[in-house]
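[1] predicted structure and sequence below. I'll ask about it afterward.
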Amino acid sequence: MKKIAILLFLLTANQIVKAQENRVITTGVPFLLIAADARSAAMGDMGVATSADAFSQQYNPAKFAFSLQKQGFSVSYTPYLSSIANDISLGQLTYYNRINERSAFAGTLRYFGLGDIELRNNVDDQPRIVNPNELALDGSYSLKLSERFSMAVAGRFIRSALRVATENNDVSAATSFAVDIAGYYQSEEMAYNDFNGRWRAGFNFQNLGPKISYDNDDLNNNFLPANMRLGGGFDFIFDEYNKIGVTAEITKLLVPTPPALVEPVDSDNSGSIEPAEQQAADDAYTQALADYRKTSWTSGIFKSFNDAPDGISEELKEITWALGAEYWYQDSFALRLGYFNENELKGARKFFTLGAGFKYNVVKIDVSYLFSASKVRNPLENTLRFSLTFNFGDNYEEL
């Protein structure tokens, strides 16, 4: 019951914020945006332009074409809202295979479980146990178009079983599908005065697909969390033992901004707002909200760049940015730091991250930790995330 109360409080608080500000863009299945692996999580929730690894599927599947290992398998575990419950979590399984020098394919299963929730009509009733959950099943193919640049496409099936069936209503899970279009560039190793270096860059247009509906009502369909990721980085290669990679990334949701509340106008200059004037403002907002809900997902992508109520200044506020750094010693031990920033009017997520990685033979273990830097409580605050990777098969040389 405590879990239900907390979740209802969070949902209610979110609706209050939207009613007051109308600035936060909300979508369906937001679990798709949670960093599911500890390496990305330790670098400020980024990964579109970092070096290739077994977790590339979520951020940039084009990186698989640059993988140094033939095959890999990874598993990740992320506790969620661990301060109020111990059975809410995000898990992910990934397998990739670099088919040859130019191409690779990969598949991922991501599962977000809300644990067991007890439902009762009265305190003394026998509880009914439900298990709300969401999952996404991905497949991707990446191909090198040149020695230094690759692109990838990914398909994603999404299933969200959050609605609770009642005695008179057998609710089926909501489903949708989406595609990703990604690209990745990695330069050759270049010699500078005191070190060698390598440039990296990447982009990904993610979760492009139809809205998801929980009640078969077109006016209540939810946009998928379509977003655009752009990033770049540089590897400082000091010698065969020491390497530091720094990366910057920006992200923008490709979802239209909800309409702002319509302020009533004192049209008769009476010095006060009359009921009819307030009603006119309410009707105008209701119509704007209805028009917003009718927006198709394809139109929403283009509108997302120029529809903010306050113009370009607000559009810029909808861009989140992150910085990350990773130090490797002998390709066996890594230390990571990161920072993520989101504007106060668009969600106010701000946090620092740190983590480490340990590699021995074909096994790699990654851990990460998050410190919130915002007044808004982060559901992943003070949470340890874990990832385990197994790489096997032949190795490829990095040129």
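    Good, I have the coordinates.

[2] packing partners for the helix or strand where residue 279 lies?
    Assigned by DSSP states H and E, residue 279 belongs to helix 275-294. Here helix 275-294 touches no other helix or strand, going by 3 or more Cβ pairs under 8 Å, 6 or more residues apart in numbering; DSSP states H and E. The way it works is simple: take the backbone N, C-alpha and C, and place the C-beta from them, glycine included.

[3] mind listing what's buried in that helix?
    277, 284-285, 288-289, 292-293 (16 or more other Cβ atoms under 10 Å).

[4] can I get whatever helix or strand comes next after that helix in PDB? Just the C-alpha atoms.
    Sequence order places helix 297-303 as the next helix or strand after helix 275-294, per DSSP H and E. Extracted in PDB, the C-alpha atoms of helix 297-303 (Å, rounded to 0.1, in the frame of the first residue of the first chain):
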ATOM      1  CA  TRP A 297       3.600  11.600 -34.100                       C
ATOM      2  CA  THR A 298       5.100  12.500 -37.500                       C
ATOM      3  CA  SER A 299       3.800  16.100 -37.300                       C
ATOM      4  CA  GLY A 300       5.000  16.300 -33.700                       C
ATOM      5  CA  ILE A 301       8.600  15.600 -34.700                       C
ATOM      6  CA  PHE A 302       8.700  18.700 -36.900                       C
ATOM      7  CA  LYS A 303       6.600  20.900 -34.600                       C
END
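
[5] what residues does helix 297-303 touch?
    208-211, 223-224, 226, 254-256, 295 (Cβ atoms under 8 Å, 6 or more residues apart in numbering).

[6] buried ones only from those residues, please, as a PyMOL command.
    Those of the contacts of helix 297-303 that count as buried under 16+ other Cβ under 10 Å are selected in PyMOL with:
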select buried, resi 208+209+210+211+223+224+226+254+255+256+295
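
[7] of all the contacts of helix 297-303, which comes closest to residue 129?
    Minimum distance to residue 129 across the contacts of helix 297-303 is 29.4 Å, recorded for residue 224 (Cβ to Cβ).

[8] show the pLDDT at that closest one.
    In this model, residue 224 is scored at 95, pLDDT.

[9] so who does residue 149 touch?
    183-185.

[10] sorry, back to before: TSV for the contacts of helix 297-303, including secondary structure and distance to residue 135?
    Listed next are the contacts of helix 297-303 as TSV, based on DSSP: H, G, I helix; E, B strand; the rest coil; distance: Cβ to Cβ, whole Å:
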residue	secondary structure	distance to residue 135
208	strand	19
209	coil	15
210	coil	17
211	coil	18
223	coil	19
224	coil	14
226	coil	19
254	coil	22
255	coil	21
256	coil	27
295	coil	27
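
[11] how about the contacts of helix 297-303 in JSON lines, adding distance to residue 353?
    As requested, the contacts of helix 297-303 are exported to JSON lines (distance: Cβ to Cβ, whole Å):
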{"residue": "208", "distance to residue 353": "27"}
{"residue": "209", "distance to residue 353": "29"}
{"residue": "210", "distance to residue 353": "33"}
{"residue": "211", "distance to residue 353": "32"}
{"residue": "223", "distance to residue 353": "27"}
{"residue": "224", "distance to residue 353": "26"}
{"residue": "226", "distance to residue 353": "24"}
{"residue": "254", "distance to residue 353": "25"}
{"residue": "255", "distance to residue 353": "25"}
{"residue": "256", "distance to residue 353": "30"}
{"residue": "295", "distance to residue 353": "34"}
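
[12] quick one: low-confidence ranges for the protein?
    Scanning the chain for pLDDT under 70 picks out 1-22, 165-170, 216-220, 266, 268, 399.
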